[in-house]
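K.L.:
Below are the sequence and a predicted model for it; my questions follow.
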Amino acid sequence: MDPRTSGVKLPTELEVKILELLANDLSSIMTVRLVCRRWKDIVDCNRVIWKTIPLQLPTRFPAQAEKWWGIFFFFGSLCSWRA
């Protein structure tokens with residue numbers, strides 16, 4: 001039996017912990033989001049990951065920064081679960 005298609009699913013807590021290990025590297029997180037819908041949802045809804053990644057908001061354009069935060073919180077509220 002091919003282990004990739006065996007239907008074995010890791011527990012959500014384990015998947016979250018694995019993905020949190022990548023949180024210091026934005027490039028890795030963005031790549032992992034492309035693996036599957038489940039991992040994208042886990043990354044998008046995980047506050048630990050997004051608090052760890054250093055994000056730079058545009059300070060020269062406060063209106064754009066405010067708009068960005070509004071979009072972020074809107075999509076964050078659409079998460080089906082919280083990690």
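P.N.:
Structure received.
K.L.:
Which strands and helices lie in contact with the strand or helix carrying residue 14?
P.N.:
Taking DSSP states H and E as the definition, residue 14 sits inside helix 12-20. Contacts defined by 3 or more CB pairs under 8 Å, 6 or more residues apart in numbering; DSSP states H and E place helix 12-20 against helix 37-45, helix 47-52. C-beta coordinates here come from the backbone N, C-alpha and C atoms, glycine included.
K.L.:
angle of it against helix 37-45?
P.N.:
Relative orientation of helix 12-20 versus helix 37-45 (axes from the mean of the first three to the mean of the last three CA atoms, to 10 degrees): 70 degrees.
K.L.:
Of all the residues in helix 12-20, which ones are buried?
P.N.:
16, 19, 20 (16 or more other CB atoms under 10 Å).
K.L.:
Skipping its backbone neighbours, what lies nearest the last one in space?
P.N.:
In space, residue 20 comes closest to residue 48 once its chain neighbours are excluded; the distance is 5.4 Å by CB to CB, 6 or more residues apart in numbering.
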